[in-house]
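Colleague: how does the following fold in three dimensions:
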Amino acid sequence: MNLKRTFIALGAGLSLMGSVSVASASSHREAPAIGFDPAADNTDVWAWVNKGTHDKLNVVVAYNPLEEPSGGPNYNEFSDDVLYEVHLTRGNSNLADVITYQIQFDSNAYPRVKPEDLSKPVGGGKEFFSQLAGRKQTYTLTKVAANGKRSVLGRGIPVAPVNIGPNTNAVAYQIKQYDDAYAGSFIKDFGPEGRAWAGPRDDGFYVDIGRIFDLANLLKGTPKDNVAGYNCHAIALEIPTNLLTADGGLPRSGPSNENTVGVWASASRRQYSLLRRNGKNETWGPWVQVSRLGLPLVNEALIGLQDKDKYNRTRPANDVPNFGAYFLNPVVVRDAEAVGIYGALGVPQSTVDALKSNRLDIIDTINIKDNPTPGAHTIPLSATGDVLRVDIGTDSSFPNGRPIPGPAPNKEQADVTDVLLSVILAKGTLTVSDGVNSNDKPYLTQFPYLALPWEGFSEGHGKPAP
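Modeller: Prediction:
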């Protein structure tokens, strides 16, 4: 069911907002502190079940926003000092994890060589290019059950490398072309535990960031996908749904609270860090969460600037006491009013005032109350938080999951920016669009779903020299 049609109209005056263009990145540099720590910055979470069979839950999480493809010689990568996690809850009683997947990366040290080694051929001396020096990254995937039992699913799993260019392909990677077959060779199969993949991909979000951050300069200019041509670093998991049900069987067909999972991702760093004079960084102490993401746009579009860092440090289970006022009284509505958007479009003040407070419709949307059918789910406030709900007994349709690809190869199943901002700014009675309606690359129809990363040699953002 299309979310944009599920709400009762507010009145004819609100229909004037059909021409408004509002946007924000899913979670790219959304809070002050995480802007200084891109390797730990969650950018997106996609999650959905295989249509019809419902036998697999696909989860794709992305980090490190706006990676410039030609940003060498030290290209973007996952941080060895960050604990990346994918969290899965179940049911409507609480938001405790029933399964947590922990992903930790490890990069091999550059070889120590003597000055006389400089005369050695490529691969044996003090190399200029990290790829020729044998720079590689691997990861360990650990599954943590609700009772705390840890199972290491794999160690030393190779990460797909950066798509640098044809010379690197031939010399360092020893391949003819960086294509889907090559990237797919980094898929790791765990049998009954599913599959995993990690590495750089095209940033699969599409949005006009430029106009929204020019003090909401929304009624001028030409829409642009400001994420076009940039990469991210993604982790993809294919999880058999029998691992998520209470009885270990396939989910029963049809909507239910029992088979509804909540998906969110996080990044954490050690509490203490010491940079020694020799350049080595030592970390120790408990893990401290520095970033998280469930639904797109929540921290960006709902949480006030003063609390965005706090939001990244806390868990969804505490969202109602910590941030409930933001959900019920969306700041972005007051901001849109302050810069004159509603007034310029002739929206009656009484209608604007009704959008400022008591917005239980936002809570209902997060909790997929009416998806896929009216009254399909009953999730109380005690189990409400920023998680992407996926009823694994039904075909996924945003906000009940977030599938890719959608009606076209370069589109999500729903334009999440348009859908969520239509809800926040207009209670879902009409389409509020940023004018950016598709990704700059087609998604894959198979695992790991995001498109190949842009190549540094030929596809960076630089301009031809005069």
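
Colleague: what about the strands in the stretch 51-200 of the chain?
Modeller: 56-67, 82-90, 99-107, 137-145, 150-158, 188-189, 195-202 (DSSP state E, counting those that start in this stretch).

Colleague: want to try CSV for those strands, with mean neighbour count as columns?
Modeller: C-beta coordinates here come from the backbone N, C-alpha and C atoms, glycine included. Formatted as CSV, the strands of the stretch 51-200 of the chain follow (neighbours: other CB atoms under 10 Å):
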stretch, mean neighbour count
strand 56-67, 25
strand 82-90, 23
strand 99-107, 19
strand 137-145, 18
strand 150-158, 13
strand 188-189, 12
strand 195-202, 25
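
Colleague: out of those strands, nearest to N439?
Modeller: With CB to CB, the closest approach to N439 among the strands of the stretch 51-200 of the chain belongs to strand 195-202: 7.6 Å.

Colleague: one step back: now the strands of the stretch 51-200 of the chain as JSON lines including mean pLDDT?
Modeller: Shown next, in JSON lines, are those (pLDDT from 0 to 100):
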{"stretch": "strand 56-67", "mean pLDDT": "97"}
{"stretch": "strand 82-90", "mean pLDDT": "98"}
{"stretch": "strand 99-107", "mean pLDDT": "97"}
{"stretch": "strand 137-145", "mean pLDDT": "97"}
{"stretch": "strand 150-158", "mean pLDDT": "98"}
{"stretch": "strand 188-189", "mean pLDDT": "98"}
{"stretch": "strand 195-202", "mean pLDDT": "98"}
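
Colleague: of all those, which one is nearest A40?
Modeller: Closest to A40 of the strands of the stretch 51-200 of the chain, according to CB to CB: strand 82-90, at 4.9 Å.

Colleague: how far off centre is that closest one?
Modeller: Put simply, strand 82-90 sits 12 Å off its chain's centre (CA atoms, centre = their mean, to the nearest Å).

Colleague: contact partners of it?
Modeller: 39-40, 59, 61, 63, 78, 95-105, 235, 237, 239, 244, 246, 258-269, 287, 316, 387 (CB atoms under 8 Å, 6 or more residues apart in numbering).

Colleague: what is the mean pLDDT for the longest strand along the chain?
Modeller: Longest strand in the chain, counting residues (DSSP state E): strand 260-275. Here strand 260-275 scores 96 as its mean pLDDT.

Colleague: ok, it: who's next to it in the sheet?
Modeller: strand 82-90 (antiparallel), strand 281-293 (antiparallel), strand 388-391 (antiparallel) (DSSP bridges).

Colleague: buried residues in that strand?
Modeller: Neighbour counts over strand 260-275 (16 or more other CB atoms under 10 Å) mark 260-269 as buried.

Colleague: sec struct for D335, please.
Modeller: Under DSSP: H, G, I helix; E, B strand; the rest coil, D335 falls in the helix class.

Colleague: got the CA coordinates for the lowest-mean-pLDDT helix or strand in the chain in CSV?
Modeller: Counting by mean pLDDT, DSSP states H and E, the chain has its least confident helix or strand at helix 209-212, which shows a mean of 74. Provided in CSV are the C-alpha atoms of helix 209-212 (Å, rounded to 0.1, in the frame of the first residue of the first chain):
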residue,chain,number,x,y,z
ILE,A,209,21.0,18.4,-0.4
GLY,A,210,22.1,21.8,-1.8
ARG,A,211,18.9,23.7,-1.7
ILE,A,212,17.7,22.4,1.7
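
Colleague: and it, how far from the chain's centre?
Modeller: 19 Å.

Colleague: from here on, count from 29
Modeller: Happy to do that; since the first residue is 29 now, the last one works out to helix 237-240.

Colleague: please name every helix or strand in contact with the helix or strand following it.
Modeller: Per DSSP states H and E, helix 237-240 leads on to strand 259-268 as the next helix or strand towards the C-terminus. Judged by 3 or more CB pairs under 8 Å, 6 or more residues apart in numbering; DSSP states H and E, the packing partners of strand 259-268 are strand 84-95, strand 110-118, strand 127-135, strand 223-230.

Colleague: need those strands in JSON lines with distance to G490, can you?
Modeller: Formatted as JSON lines, the helices and strands packed on strand 259-268 follow (distance: least, CB to CB, whole Å):
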{"stretch": "strand 84-95", "distance to G490": "15"}
{"stretch": "strand 110-118", "distance to G490": "29"}
{"stretch": "strand 127-135", "distance to G490": "27"}
{"stretch": "strand 223-230", "distance to G490": "18"}
